[in-house]
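Chemist: Here is my input, please return the structure:
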Amino acid sequence: MDRKNDGLRLMDGAGYKKIIIACDSYKGCLSSREVNEAIASGVKEWNADDAFPEIITLEMSDGGEGMLDAFLSAMKGERVNIHAHDALMRWIEAEYGIVDDTGIIEIAQTAGLALIEPEQRNPMKATSWGVGEMIMNAYRRGVRRFIVGLGGSATSDCGIGMLKAMGDDWKKIRQECSFVLASDVTNPLCGENGAAHVFAPQKGADAKMVQMLDDRARKFAEVSAKHFGYDRSEAPGAGAAGGLGYAFLQYFNAEARPGAELLLDEIGFDALILDADLVITGEGHSDRQTLMGKLPQRILEHVTNQKIWLVSGGVSDRKAMLDAGFDRVVQVTPEEMPLDEAMKPEVARNNIIKAIREQFAL
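Modeler: Numbers count the residues shown, from 1 in each chain. You can find the predicted model right below:
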């Protein structure tokens, strides 16, 4: 369906009855919730003298930053605080979520790169031990289904640390629990497109360390394959989170799914937008990669009869976004504004509000 020629009513902003706002975070600047709230504020400021449309904001995540908050907000779950270890085995406070018998694990809560000072980052030493601690804590509370967000890791240990933290209990967990992995990464474990070569350099690895990490991953996969009689090291997503994807796939028969799609399913997105007039989505920066499975593109695939706007901090290829099906593509950062200024949270918030107010006034 060509939405651009359908329902030309409402294009001046008047008459919207229900608006769904579902944006990703503007990474390093505003969370998904903060972006959504800024857009909602812009709508309300434009419509201050009229009846408000119904506005529903949905926290979003692709499985990385903000995944725990997004899933808990959508699924109305309980937040659990625990003592655990970060990637350098330092004690920290970490969180995971529980919804009925489902555990929501954001691996960056313990194994996150953002928890490690830049000068301390070393994937040869970094461990996923803390991820195992979170899973064990949830398992002891009765959790038997896990949704695991694989994003933002400091590690490249193939999940060995996680398995060690579980001890022999990993065998019981394998038998009793199911795992769904939320990740958009499709890389295999080893080789030039694997975890070490693609992701380890941004975690502090030099060329020599990359090769050592890749060799270590290959050896671990060989040993594991002999034990189980099958090999998941080439499976899409095995290279996610420094090989944590592989550990879940190989040791726990996990199912890997795009993080955004998993969240949209969990919250019943298709039903939510049925009677909506407008869906607004966005991200920190939109370019051709947006159309390769990022959250806005996932949302676009679900929208049929509604108008859909893409509202992003920066936009590199507006025509490609419009051709893909977005009805409007809005860059909220003024062209002349320096990036470091635009990245300030209050500045970004004001830019969003102003841009939305102007769009509705068109």
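Chemist: any chance you could map the helices in the stretch 101-250 of the chain?
Modeler: For the stretch 101-250 of the chain, the helices defined by DSSP state H, counting those that start in this stretch occupy 108-111, 129-140, 160-166, 169-176, 195-199, 207-228, 244-252.
Chemist: right, so those: which one is the most enclosed?
Modeler: Compared across these, helix 108-111 shows the largest average neighbour count, a mean of 28 (mean count of other CB atoms under 10 Å). For every residue, glycine as well, the C-beta is placed using N, CA and C.
Chemist: returning to that earlier point: tell me which of the helices of the stretch 101-250 of the chain approaches residue 268 most closely.
Modeler: Of all the helices of the stretch 101-250 of the chain, helix 129-140 sits nearest to residue 268, with 24.0 Å by CB to CB.
Chemist: So which residues make contact with the closest one?
Modeler: Residues outside helix 129-140 that contact it (CB atoms under 8 Å, 6 or more residues apart in numbering) are 80, 82, 84-87, 89, 92, 94, 96, 98, 103, 105, 107, 109-111, 146, 159, 161-166, 169, 173, 177, 244.
Chemist: Let me know the pLDDT of the nearest residue to residue 27 once chain neighbours are set aside.
Modeler: The shortest distance from residue 27 to any non-neighbouring residue, by CB to CB, 6 or more residues apart in numbering, is to residue 284 (5.0 Å). Among the per-residue scores, residue 284 holds a pLDDT of 95.
Chemist: Counting neighbours, what do you get for residue 284?
Modeler: 19 (other CB atoms under 10 Å).
Chemist: residues in contact with residue 272?
Modeler: 20, 56, 58.
Chemist: and with 10 Å instead?
Modeler: For residue 272, the contact set (CB atoms under 10 Å, 6 or more residues apart in numbering) comprises 18, 20, 22, 56, 58, 264, 279, 302.
Chemist: Below-threshold pLDDT in the chain: ranges please.
Modeler: 1-15, 47-52 (pLDDT under 70).
Chemist: Please name the nearest non-neighbouring residue to the residue nearest to the spatial centre of it.
Modeler: For the chain, the residue nearest the mean C-alpha position is residue 62 (2.5 Å; CA atoms, centre = their mean). The shortest distance from residue 62 to any non-neighbouring residue, by CB to CB, 6+ apart, is to residue 259 (4.1 Å).
Chemist: Please verify my assumption that the one you found contacts residue 150.
Modeler: Yes: assessed by CB atoms under 10 Å, residue 259 is found in contact with residue 150 at 8.1 Å.
Chemist: what is in contact with the two at once?
Modeler: 63-64, 67, 181-185.
Chemist: Filter those residues down to the ones in strands?
Modeler: 181-182 (DSSP state E).
Chemist: can you tell me which two in the shared contacts of residue 259 and residue 150 are farthest apart?
Modeler: Farthest pair in those, by CB to CB: 67 and 185, 13.4 Å.
Chemist: intersection of neighbour lists for these two?
Modeler: 150-151, 259.
Chemist: quick one: which of the residues you listed is nearest to residue 306?
Modeler: Within the shared contacts of residue 67 and residue 185, the smallest distance to residue 306 is 22.7 Å, found for residue 259 (CB to CB).
Chemist: count of residues packed around that closest one?
Modeler: Neighbourhood size, residue 259 [other CB under 10 Å]: 30.
Chemist: what about the residue nearest to the centre of the chain, distance to residue 18?
Modeler: Going from residue 62 to residue 18 by CB to CB, to the nearest Å gives 25 Å.
Chemist: Check residue 286 too.
Modeler: In terms of CB to CB, residue 286 sits 24 Å off from residue 18.
Chemist: Many thanks, have a good one.
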